[in-house]
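Enquirer: Task: produce atomic coordinates for the following.
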Amino acid sequence: MIYTVTFNPSIDYIVNVDNFMTGVVNRTSKEIIFPGGKGINVSMVLKNLGEESTALGFMAGFTGDAITRLLQEKGVTADFIHVTEGLSRINVKLRAQTETEINGQGPKIASEDIRKLYGKLDALQDGDTLVLAGSIPDTMPESMYMDIMEHLQNKKLNIVVDATRDLLMNVLAYHPFLIKPNNHELGEIFHTVINDKDDVVTYAKRMQEKGARNVLVSMAGDGAVLVTEDGQEFRAEAPKGKLVNSVGAGDSMVAGFIYGYLNGGSYADAFRYGVCTGSASAFSEELATKKEVIALMDANQKLF
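Expert: Predicted coordinates:
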């Protein structure tokens, strides 16, 4: 079974405003509402690919109820912990002459809420996959990812971590199955600028030396690199297409990798699905569908 954790789910309210101006009344030309959050994105893309998962996390108030309902409408199983103080956040993404985002704070997560999360994580079985993705709210310990991995270290789980800087570095000692920084985040960790795929491989191997098993590095329009625990290296250019929406592309890559690994049985399959699923989301208004992913895979076989 696959489980995703999103500490601070959101309603993503995406609005298009032609000729946006401050200080006056603006009217939208298009509106879209999604359940948001990195782990939730992974669960939604997995569902689109035909793979079941359970989305874990925290929700509060009428906005939390709405997030749960939206996920149910998409066929995604949600098992959120209800938080009593505050509201699940609404993130506003304004598309005008330039893109602007206003992200809400989210509810206050109490120590009792965290204990309830551990109770749900204790139910995971050997062989399950757990995805930890995104930032940690200010009301939770900064060490939360590391604490979870330490708590679960006696279980034989495939844990995927999609986080940045210290959040990522602190979990490496617990040997996550997969980490997915982008090339800029990888460069920040080592205080350098990564210019090409050779540099990516070099620093991905350094992440392995620190404990990561597999390192998948996204490079936006420059493609991606995978360095595996058995010594394989995979490189690919990005599939060609028109960038429509970059939000969720990295989460889609994670979902595609998991799907390809579980259903194809090889890192080559995982890499191919990961790259094409991430690109399919980037080329679409919404998150990638299986039809879109397969079409990209068929059209870009030479990339792999």
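Enquirer: and the helix or strand hosting residue 112, what's its mean pLDDT?
Expert: Per DSSP states H and E, residue 112 falls inside helix 111-121. In this model, helix 111-121 carries a mean pLDDT of 96.
Enquirer: distance between that helix and the chain's centre?
Expert: Relative to its chain's centre, helix 111-121 lies at 21 Å (C-alpha atoms, centre = their mean, to the nearest Å).
Enquirer: Which residues belonging to the helix or strand just after it are considered buried?
Expert: Using DSSP H and E, the helix or strand that follows helix 111-121 in sequence is strand 129-133. Residues 129-133 are the ones in strand 129-133 that count as buried (16 or more other C-beta atoms under 10 Å). The C-beta positions use only the backbone N, C-alpha and C, and glycine is treated the same way.
Enquirer: What strands line up against strand 129-133, and which way round?
Expert: Within its sheet, strand 129-133 is paired with strand 2-6 (parallel), strand 158-162 (parallel), according to DSSP bridges.
Enquirer: is it possible to export these to a markdown table including distance to residue 110?
Expert: Output for those, formatted as a markdown table (distance: least, C-beta to C-beta, whole Å):
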| stretch | distance to residue 110 |
| --- | --- |
| strand 2-6 | 17 |
| strand 158-162 | 24 |
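Enquirer: now the strands for the chain?
Expert: Using DSSP state E, the strands found in the chain span residues 2-6, 10-16, 30-36, 54-59, 77-82, 89-95, 99-102, 129-133, 158-162, 178-179, 214-218, 224-227, 233-236.
Enquirer: need the ones you listed in TSV with distance to residue 245 and mean pLDDT, can you?
Expert: Converted to TSV, the strands of the chain look like this (distance: least, C-beta to C-beta, whole Å; pLDDT from 0 to 100):
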stretch	distance to residue 245	mean pLDDT
strand 2-6	19	97
strand 10-16	8	93
strand 30-36	10	92
strand 54-59	21	96
strand 77-82	23	96
strand 89-95	9	92
strand 99-102	10	88
strand 129-133	18	96
strand 158-162	18	95
strand 178-179	24	96
strand 214-218	15	96
strand 224-227	18	96
strand 233-236	21	95
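Enquirer: Test for you: state the pLDDT assigned to the spatially most central residue of the chain.
Expert: Nearest to the mean C-alpha position of the chain, counting by C-alpha atoms, centre = their mean, stands residue 251 at 3.1 Å. For residue 251, the model assigns a pLDDT of 95.
Enquirer: Nearest residue to it in space, please, no chain neighbours.
Expert: Nearest residue to residue 251, sequence neighbours excluded (C-beta to C-beta, 6 or more residues apart in numbering): residue 41, at 3.6 Å.
Enquirer: List the contacts of the one you found.
Expert: 133, 248, 251-252, 255, 287 (C-beta atoms under 8 Å, 6 or more residues apart in numbering).
Enquirer: for residue 142, same thing?
Expert: Contact analysis of residue 142 by C-beta under 8 Å, 6+ apart lists 136, 166-167.
Enquirer: Fine by me, we can end here.
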